[in-house]
Structure formats: C-alpha cells, structure tokens
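Visitor: below is the sequence, then the predicted model.
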Amino acid sequence: MSKFQARVLELVSKIPEGKVTTYKKIARALGSPNACRAVGNAIARNPRPPEIPCHRVVRSDGKIGGYRFGSNHKARLLAKEGIKIKGEKVNLKKYIFKFVK
C-alpha cells in the first residue's frame, strides 16, 4: 500500500456512521485539492470494506457513485446507517462530514 493510499484510508476511517464526505473533500484534507481521481483510485483498492467505510464517500454532486460491490449495495449500506437517498443522491447539506484541520 502506498503512503498516499494509507493517508486516504486513514481519513476515510474517520467518517462516522450516518455521515458522508466527497472525494474532493478528502483530496483537500490531504492538501492536494486536484487529486480527486487519485483519491478515488486509492479508495477502490480499499483492502477492508466496509470496515474502512469507503461506502461513505460520494461524488461532489451528492450522487452515491460507484462501489466495488455495486451501487445498489452502497445505497443499502448508507440507508442502513440512516442516510436517506433520493434519486441516487445524498443531501450533502444534511449528511456531510467535514474533516477538522
């Protein structure tokens, strides 16, 4: 595992149940605001889903996005945590988790 991937997964581990964040917010928290795609690639190689809750990372427009086990499974995991999904989107204003600097 690369240092970058380890840093990404460390941040993902901090997202509490019932909250989501975006690839962009993770990239910004790492000090690399243009690294959204690299964040997505690191998350895609998560060795321990859902223990490391990569299902809590969504797109900047609120769409739930992809997931190793399918977007329907991701939606079920989020719903199980109390996150309401409407039209394949999460209300970011309600559910966003912001990393503390």
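Guide: Yep, that arrived. Predicted model, so just to flag it, every value in this text is computed and none were measured.
Visitor: okay, CA-based contacts and neighbour counts for the rest of this
Guide: OK.
Visitor: closest to the centroid, which residue in this protein?
Guide: Centre of the chain computed as the mean C-alpha position; nearest residue by CA atoms, centre = their mean is V57, 1.3 Å away.
Visitor: report the beta-bridge partners for it.
Guide: On the basis of DSSP bridges, V57 is bridged to T21.
Visitor: enumerate every residue touching it.
Guide: Contact analysis of V57 by CA atoms under 8 Å, 6 or more residues apart in numbering lists 12, 20-23, 64.
Visitor: L78 now?
Guide: So L78 contacts 18, 55-56, 84 (CA under 8 Å, 6+ apart).
Visitor: tell me which two in those residues are the farthest apart.
Guide: Using CA to CA, the two most remote members of the contacts of L78 are H55 and K84, lying 13.8 Å apart.
Visitor: neighbour count winner among these two?
Guide: More crowded of H55 and K84, by other CA atoms under 10 Å: H55, with 26 against 17.
Visitor: quick one: which of the contacts of V57 is most hemmed in?
Guide: Highest count within the contacts of V57 by other CA under 10 Å belongs to V20, 27 neighbours.
Visitor: quick one: pLDDT of the closest residue to that one other than its chain neighbours?
Guide: Leaving aside its sequence neighbours, V20 sits nearest to R56 (CA to CA, 6 or more residues apart in numbering; 4.6 Å). Per-residue confidence (pLDDT) for R56: 98.
Visitor: and if you look at I83?
Guide: The model reports I83 with a pLDDT of 98.
Visitor: for it, the count of nearby residues, please.
Guide: 20.
Visitor: now do the same contact list for it.
Guide: 18-19, 90, 95.
Visitor: would you map the strands across the protein?
Guide: 21-22, 57-58, 85-86, 89-90 (DSSP state E).
Visitor: nearest to K101, of those strands?
Guide: Closest among these, using CA to CA: strand 21-22, at 14.8 Å.
Visitor: just how off-centre is the closest one within its chain?
Guide: Here strand 21-22 shows a centroid-to-chain-centroid distance of 5 Å under the convention CA atoms, centre = their mean, to the nearest Å.
Visitor: could you say what helices and strands it packs with?
Guide: strand 57-58 (3 or more CA pairs under 8 Å, 6 or more residues apart in numbering; DSSP states H and E).
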